[in-house]
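Asker: dropping the sequence and predicted coords here.
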Amino acid sequence: MRIHVQIPLRWSDFDAYAHVNNAEMLRVLEEARIQAMWRPDDGSVSDAPTAVMDVRPGADTLALIARQEIEYLAPIPYMPAPLDIEMWAGAIGGASVEVCYEVFSPVGVTPRVLYTRAATTVVMVSAATNAPTRVPAELRDAWKPYIEAPVAFTMRH
């Protein structure tokens, strides 16, 4: 099972070639990850059942990026509708979660185009000690239904 997150593009995401700049893709993935993992600051309930992490100032656990890999499959042109990002957990380790992504054209656009594959390793770190700490049980339980095989990058040599 996968989580679907809709991320709109900003005019500033585009480069001189009129497609999403490669560096901006990191921001798009970050926005999707925040929607999928972070509990809303205002105490409201998120639409994503996986958004359980407390990342407000003073939180006991920090989520730090240890690694990211992106495979660009096709340029993303300007579209007024948000991109459809499918996300899942490729693995949940002792102190880390491998967040996997496939970035598609907006819902309802045909043909459906897969633009990007990516994976991010998020490591849980104690705010008090800056040392890796166990993935909180609440996060592990929330993401368990969304575990599937990691991203299969096709352009590795």
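Answerer: Here it is on my side, so go on. All of these numbers come straight from a predicted model, not from anything done at the bench.

Asker: my guess is Leu9 is in a helix, correct?
Answerer: No - Leu9 is assigned coil when assessed by DSSP: H, G, I helix; E, B strand; the rest coil, not a helix.

Asker: pLDDT value on it, please?
Answerer: You'll see Leu9 listed with a pLDDT of 90.

Asker: wait, it touches Pro82, no?
Answerer: Yes - when contacts are counted by C-beta atoms under 8 Å, Leu9 is listed as touching Pro82 (7.3 Å). For every residue, glycine as well, the C-beta is placed using N, CA and C.

Asker: which positions in whatever helix or strand Tyr115 lives in come out as buried?
Answerer: Tyr115 is part of strand 114-126 when elements are defined by DSSP states H and E. Of the residues in strand 114-126, Tyr115, Thr116, Arg117, Ala118, Ala119, Thr120, Thr121, Val122, Val123, Met124, Val125 count as buried by neighbour count, 16 or more other C-beta atoms under 10 Å.

Asker: pLDDT below threshold where in the protein?
Answerer: Counting by pLDDT under 70, the ranges of the chain that qualify are 42-46, 157.

Asker: which strands or helices does the lengthiest helix in it pack on?
Answerer: Assignment by DSSP state H gives helix 22-37 as the longest helix of the chain. Applying 3 or more C-beta pairs under 8 Å, 6 or more residues apart in numbering; DSSP states H and E, one finds that helix 22-37 contacts strand 3-7, strand 61-72, strand 83-92, strand 96-104, strand 114-126.

Asker: and that helix, which residues are buried?
Answerer: Glu24, Met25, Val28, Leu29, Glu31, Ala32, Arg33, Ile34, Gln35, Ala36, Met37.
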